[in-house]
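1. sequence plus predicted model, see below.
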Amino acid sequence: MLSPADSVMPELYTTQRNRLTINYKTRRFRFHASPQEIHVWGKAGKFSHVGGINAFELFAEPILAKNFSVRIGRQALSLDNGRLFSAAPWSQQSRSHEGIRFLYAGKWNTDLTVAFTRPYSKRFEAAYSPVSSHQYKLLVVHHLKYQFKNKLTLTTINAVDVFEKPAEAKQYYQRVTNGGRVEYARGWLYGTVNACYQYGRTASNKQIRAYYIQPEISINAARTAFRLGAEVLSGDKAGTPLSVSHSFVPLYGVAWKFMGNMNLFTRFPADVNEKGLLNPYLFIIHQAGKKLSFRADAHLFYAQHSLPKLGDQLAGKYLGFESDLSLNYKPVKNLEIIYGFSFTFAEKRMELLKKVPDASKIPVWSYLIISYTPRLLHVWK
């Protein structure tokens, strides 16, 4: 992050993930393990240090019938478009959950997950653990996807997460999220609407009454795709009773995929001061060839409800604009190179949210990802 006196990035460091994926599969059984070591180079005055040694996934999956299996252990949970549940592949540690998952795949696909948390080791940085950031004690998720013959697809996600009250041991509160998506695809045209409703209690015992809406339309023209849509996350307006929260929390999904690579808004409702967020976006993806593609994203950010006024000049909802440019190159099999550059034109109101220290300056961010995933051994039986 740039301070008002800075004109260049004050810190440069590199993270390196070394992940080994092991799969063993028979007709009636599957075992999967993906141990990983995350190394940090040049951060906090150190030449290098180990950020974390852990397992991204470690599970056994008995296949009980032709279309039915049970997955037991630590596992990624990627549902729908990743907004509510994602493996977070862009982060070095990714994200996973520990528990049991019942999966059915046939004319329709459905799964039921029951996950829990336990005391995790404090030896390594929590920032590089795929599970230690979870605060729930129990998580139950049901997912269903069905494709109709008329080019419509229906997806439902229903989740309950149970938390321990901060100041009361063995006392719990819960949050419930019910939602779904309708998709229509025909040739070059794609349209979708996603909607969720959230209720239950917050850590401060507020009653939750919140919603999320995401409409999107996509057009594929030859080698170029255009995606136009918006996200609406509800928040509290002036006069909302202190006992009620209208702030929607997007559970265990990813933000950068929808709200920009600079991660200005990732922690809800804290990052928007509980005022909600409106995020219209336009994505343009161009496939230049088999190995090279370009992408340009544009985001507008508005608070759903006006921020507390600190003078008439700050009255309003507009927060800023972000642009993300990226290049994806795959020179050979199993090797991928991604370069990205992002910048933000922030409104003065962004300072109220502590997203930028000085709205008169343009924050920029750039990254380079090199990913090599060779297959070391493959044995057929």
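-> Perfect, I can see it now.
2. going by C-alpha atoms from here, please, whenever you check contacts or count neighbours.
-> Fine.
3. so for the protein, the centremost residue is which one?
-> With distances taken as C-alpha atoms, centre = their mean, the residue of the chain nearest its centroid is Val254 (0.7 Å).
4. give the contact list for that residue.
-> Applying C-alpha atoms under 8 Å, 6 or more residues apart in numbering to Val254 gives the contacts 82-86, 88, 266.
5. show me where the stretch 201-350 of the chain dips below the pLDDT cut-off.
-> Of all residues in the stretch 201-350 of the chain, those with pLDDT under 70 make up the ranges 309-313.
6. let's have the contacts of Val254 in JSON lines, adding secondary structure.
-> Converted to JSON lines, those look like this (DSSP: H, G, I helix; E, B strand; the rest coil):
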{"residue": "Gly82", "secondary structure": "coil"}
{"residue": "Arg83", "secondary structure": "coil"}
{"residue": "Leu84", "secondary structure": "coil"}
{"residue": "Phe85", "secondary structure": "strand"}
{"residue": "Ser86", "secondary structure": "coil"}
{"residue": "Ala88", "secondary structure": "coil"}
{"residue": "Thr266", "secondary structure": "coil"}
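7. closest one to Asn158 out of the residues you listed, please.
-> Of all the contacts of Val254, the one with the least separation from Asn158 (C-alpha to C-alpha) is Leu84, at 10.3 Å.
8. would you mind measuring from the residue nearest to the closest one when sequence neighbours are not counted to Ala126?
-> Using C-alpha to C-alpha, 6 or more residues apart in numbering and skipping the chain neighbours, the partner closest in space to Leu84 is Gly253 (4.2 Å). Distance, Gly253 to Ala126, by C-alpha to C-alpha, to the nearest Å: 18 Å.
9. then Ile369?
-> Remark: distance between Ile369 and Ala126 (C-alpha to C-alpha) = 22 Å.
10. for Leu64, grab the count of nearby residues.
-> Neighbour count for Leu64, taken as other C-alpha atoms under 10 Å: 12.
11. for it, what are its contacts?
-> 28, 70.
12. got a pLDDT number for it?
-> Note for Leu64: predicted pLDDT of 95.
13. check Asn109 too.
-> For Asn109, pLDDT reads 96.
14. report the beta-bridge partners for it.
-> The partner list for Asn109 in beta bridges (DSSP bridges) reads Ala105, Lys145.
15. any idea how far it is from Ser245?
-> Computed as C-alpha to C-alpha, the Asn109 to Ser245 distance reads 34 Å.
16. of those two, who's got more company?
-> Ser245 (24 against 15).
17. okay, now the sheet partners of the longest strand along the chain, with direction.
-> Assignment by DSSP state E gives strand 48-65 as the longest strand of the chain. Strand pairing for strand 48-65, determined by DSSP bridges: strand 29-41 (antiparallel), strand 68-75 (antiparallel).
18. show the contacting residues for the nearest residue to Lys107 once chain neighbours are set aside.
-> The shortest distance from Lys107 to any non-neighbouring residue, by C-alpha to C-alpha, 6+ apart, is to Tyr146 (7.4 Å). By C-alpha under 8 Å, 6+ apart, Tyr146 lies in contact with 107-109, 153-155.
19. ok, His49 next?
-> Taking C-alpha under 8 Å, 6+ apart, we find His49 in contact with 39-41.
20. for the stretch 251-381 of the chain, which segments count as strands?
-> In the stretch 251-381 of the chain, the strands defined using DSSP state E, counting those that start in this stretch lie at 277-287, 292-303, 318-329, 335-346, 364-372.
21. of the ones you listed, which is nearest Arg28?
-> strand 364-372 (31.0 Å).
22. buried sites along the longest strand of the chain?
-> Across strand 48-65, burial judged by 16 or more other C-alpha atoms under 10 Å covers 51-63.
23. which one's more surrounded, Gly253 and Ala126?
-> Higher neighbour count among Gly253 and Ala126: Gly253, with 21 against 16, using other C-alpha under 10 Å.
24. how far away is the more buried one from Pro119?
-> Separation of Gly253 from Pro119 (C-alpha to C-alpha) stands at 22 Å.
25. kindly report the same for Lys46.
-> 28 Å.
26. got it, and Ser366?
-> According to C-alpha to C-alpha, Ser366 stands 35 Å off from Pro119.
27. looking at these two, which one has more neighbours?
-> More crowded of Ser366 and Pro119, by other C-alpha under 10 Å: Ser366, with 14 against 6.
28. partner residues bridging that one?
-> Under the criterion used (DSSP bridges), Ser366 bridges to Phe341.
29. list the residues that contact it.
-> 339-342 are the contacts of Ser366 under C-alpha under 8 Å, 6+ apart.
30. got CSV for those residues, with distance to Leu282 too?
-> Formatted as CSV, the contacts of Ser366 follow (distance: C-alpha to C-alpha, whole Å):
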residue, distance to Leu282
Tyr339, 19
Gly340, 17
Phe341, 16
Ser342, 15
